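> no sequence on hand, only this structure:
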């Protein structure tokens, strides 16, 4: 795995309120996005705000209880094959695959794993993502 974090996604209770805080209070530069998610570009890492329920559903874990802490780290790779290879590698090292690699609604490919401490990571191939 290359040493970088591509995207930090925070599962929030109120997307509009959280967006106002990060945009208006902290002054983060917002990127044009659909109404269900907010992105901020922070140099080569993006911060995303998404509803807690949507993030949990996308990762294939329950919204309440063990296994979901309200955020997921993301690592973008260059191809769907790299997604599957990295998921296989982390599984070999004891990580739990919470959602196998699959085609996404936006034309990409992604899967999720929980690391040894239960922190969620999305491994994604997003052809539109500019930082690789």
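Perfect, thanks for sending it. Values in this document were obtained by computation on a predicted structure and should not be read as measured data. Residues are numbered from 1 along each chain as shown.

> neighbours of the residue nearest to residue 51 when sequence neighbours are not counted, how many?
Nearest residue to residue 51 in three dimensions, chain neighbours excluded: residue 15, at 5.7 Å (C-beta to C-beta, 6 or more residues apart in numbering). Bear in mind the C-beta positions are built from the backbone N, C-alpha and C, glycine included. Residue 15 is flanked by 18 other residues according to other C-beta atoms under 10 Å.

> any figure for the gap between residue 15 and residue 40?
The gap separating residue 15 from residue 40 is 13 Å, by C-beta to C-beta, to the nearest Å.

> ditto for residue 51
Computed with C-beta to C-beta, the distance linking residue 51 and residue 40 is 16 Å.

> neighbour count: those two, which is higher?
When residue 51 and residue 40 are compared on other C-beta under 10 Å, the one with more neighbours turns out to be residue 40, at 20 against 17.

> about what we covered before: quick one, what contacts the residue nearest to residue 51?
With contact set as C-beta atoms under 8 Å, 6 or more residues apart in numbering, residue 15 has these partners: 36-38, 49-51.
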